[in-house]
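In: Please find the sequence and the predicted model below.
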Amino acid sequence: MGNRVYQIDVLKVMAIFFVISVHFLLNTGFYDIDMQSFSASLGIVLRLVFITSVPLFIIATGFLMGTKKLSDQYIAKIFRVIILYVLVSMIDWLMQTIIFQNDISMQDALLGLLDFSTDSYSWYVEMYIGLYLLIPLLNAAWNYDLSKQYHIYIIMVSTILFFLPSLFNGLGKILPDWWTNAYPIGYYYVGLYFKTYLEQIKKINTKRLLIWSVSIFSMISFLSLIDNYGRIFSWTDANDYMGYQPFLVAILISLLILKIGQPKKTTKFHNLLILLSNMTLTIYLFSDLTDSLIYHYFNHLVPNIASRFVWAPVVVLLSFTLASLLAYVLEKIMSLIYQRRRA
C-alpha cells in the first residue's frame with residue numbers, strides 16, 4: 001500500500017455510499033410521513049449514520065490536505081474539479097432532457113452551472129471550491145504553533161463556533177450561532193488533528209472506544225427518536241451538518257475506521273477500494289442522474305412510501321453501481337485526453 005493511508009480510502013468510500021443512502025430517504029418521501037412505524041423509526045436511526053457523509057468527506061480532506069501550501073500547482077489543481085463538475089452537470093442535463101423531455105434549455109443549463117443548480121447535488125462543489133482556496137491559510141494557522149495545546153485550542157474554538165450552538169440553542173439562543181454555516185472549517189480541522197496525532201489515536205483502547213461509541217450513538221438515537229416520533233421528521237440545526245449529532249457520530253466513525261490495521265499487501269479488493277476512493281467526487285455528482293432515473297420509476301412501481309424501505313439496499317446499491325460506472329468511464333476518458341496532451 002506504500003504511504004497510502006488505507007483507512008482514509010475506507011472512509012471516503014463509506015462516505016460516498018452514505019451520500020447515496022441518505023438520498024434514498026430524500027427521494028422516497030421519508031421526510032413527508034409521520035414517524036410512527038418501525039421502518040420510519042429505523043430510518044431515523046440510520047439517518048444519523050448516513051448524514052455523516054459530508055462531514056466524513058471533509059474530515060478525509062483535512063487528513064489528506066494538511067500539508068498543502070500555496071503554489072501555482074496547487075491553484076491549478078482546482079480546475080480539474082471545475083472541469084469534472086461542468087462535464088458531469090452537462091451530461092446530467094442532456095440525459096435527463098432526452099429521457100424525461102425536460103424543458104430546461106441548454107442556455108438555462110449553462111447558466112445553472114454558475115449557481116450550481118444544473119446538477120442538484122453540486123452544492124458540495126460550491127462549498128469545496130471555497131474550502132480548497134482556504135486550505136493553505138487553514139494549514140498555515142495550524143502550523144503556526146506545533147504544540148498539542150495550540151492544536152487543541154483550534155479544535156475547541158471550532159467546536160464552540162460551529163457545533164455547540166446546535167446543542168445549547170434548541171430552546172432559545174444561548175450561544176452565538178453566526179459562524180455555524182462555516183462548519184466545513186471545523187470538520188477540516190478535525191481531519192487535520194487526526195492526521196497530526198494518528199499514532200496516538202492508534203493507541204486508543206479499541207474496546208473502550210467501542211463502548212463509548214455505542215453509548216453515545218445510542219443516546220443520540222434515543223433523543224432523535226423522542227424528538228421525531230409520532231410526527232413528520234423535523235430537520236433542525238442539531239441533526240444538520242452543523243449539528244452536534246452528525247459532528248459526534250462522524251468523529252466516532254472516523255476514529256473506529258482509523259483503528260483498522262494497515263494491510264500488509266495490496267489485494268484486488270484494495271485496488272477496487274482505491275479506484276472508488278479516487279472517484280468519489282465524480283460518483284457523487286453522477287448520483288444526481290442515477291437517482292433521478294431510478295427514483296422516477298421506483299416511486300411509480302412502489303407508490304406506498306412505507307413499502308419502499310424494504311427495497312432500500314437494492315435501490316441504493318443500484319444507484320451507487322451505476323454512478324460508479326459512469327464515473328469510471330468519464331475518468332478514463334479524461335485520463336486518456338490528459339496523457340495525449342502530455343505526449
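Out: Right, received. Where do you want to start? All values reported here derive from a predicted model rather than from experimental measurement.
In: can we go C-alpha only for contacts and neighbour counts from here?
Out: Fine.
In: what about residue 92, which helix or strand?
Out: helix 72-100 (DSSP states H and E).
In: tell me which residues of that helix are tucked away?
Out: Within helix 72-100, the residues that qualify as buried are 81, 84-86, 88-94, 96, counting by 16 or more other Cα atoms under 10 Å.
In: now for the residues you listed, which pair is the farthest apart?
Out: 81 and 96 (22.2 Å; Cα to Cα).
In: Output the contacting helices and strands for the helix holding residue 92.
Out: Packing partners of helix 72-100 (3 or more Cα pairs under 8 Å, 6 or more residues apart in numbering; DSSP states H and E): helix 106-114, helix 123-143, helix 280-301.
In: for the shortest one, the distance to its chain's centre please.
Out: What separates the centre of helix 106-114 from the centre of its chain is 25 Å, taken as Cα atoms, centre = their mean, to the nearest Å.
In: which residues sit against it?
Out: Contact with helix 106-114 is made by 86, 89-90, 93, 118-119, as judged by Cα atoms under 8 Å, 6 or more residues apart in numbering.
In: now this protein, which segments are flagged as low pLDDT?
Out: Confidence mapping of the chain against pLDDT under 70 gives the ranges 1-2, 342-343.
In: Tell me where the longest helix sits in it.
Out: Taking DSSP state H as the criterion, the chain has its longest helix at helix 312-342.
In: Go through it and flag the buried ones.
Out: Buried residues in helix 312-342 (16+ other Cα under 10 Å): 315-316, 318-320, 322-324, 326-328, 330-331.
In: Those residues: which two are farthest apart?
Out: Among the buried residues of helix 312-342, the pair separated by the greatest distance (Cα to Cα) is 315 and 331, which sit 24.0 Å apart.
In: Would you mind listing the residues in contact with the residue nearest the centre of the chain?
Out: With distances taken as Cα atoms, centre = their mean, residue 54 lies nearest the centre of the chain, 2.3 Å away. By Cα under 8 Å, 6+ apart, the contact list for residue 54 reads 15, 19, 241.
In: Restricted to strands, list those residues.
Out: When the contacts of residue 54 are checked against strands (DSSP state E), there are no matches.
In: got a winner among those residues for most neighbours?
Out: Among the contacts of residue 54, residue 15 has the most neighbours (other Cα atoms under 10 Å), with 27 neighbours.
In: Report the contact partners of that one.
Out: So residue 15 contacts 50, 52-54, 56-57 (Cα under 8 Å, 6+ apart).
In: Output those as TSV; include the columns secondary structure.
Out: As requested, the contacts of residue 15 are arranged in TSV below (DSSP: H, G, I helix; E, B strand; the rest coil):
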residue	secondary structure
50	helix
52	coil
53	helix
54	helix
56	helix
57	helix
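In: Any chance of JSON lines for those, columns distance to residue 10?
Out: Below are the contacts of residue 15 laid out as JSON lines (distance: Cα to Cα, whole Å):
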{"residue": "50", "distance to residue 10": "15"}
{"residue": "52", "distance to residue 10": "14"}
{"residue": "53", "distance to residue 10": "12"}
{"residue": "54", "distance to residue 10": "15"}
{"residue": "56", "distance to residue 10": "11"}
{"residue": "57", "distance to residue 10": "11"}
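In: Looking at those residues, which two lie furthest apart in space?
Out: Pairwise distances across the contacts of residue 15 (Cα to Cα) peak at 12.0 Å, for the pair 50 and 57.
In: follow-up on the earlier one: of all the contacts of helix 106-114, which comes closest to residue 248?
Out: For those, the nearest to residue 248 is residue 119 (29.6 Å; Cα to Cα).
In: Let me see the contact set for that closest one.
Out: For residue 119, the contact set (Cα under 8 Å, 6+ apart) comprises 88-89, 92-93, 113, 285, 288.
In: List the buried residues for stretch 254-268?
Out: 254-259.
In: contacting residues around that stretch?
Out: Counting by Cα under 8 Å, 6+ apart, 1, 5-8, 10-11, 56, 198, 201-202, 206, 209-210 sit against stretch 254-268.
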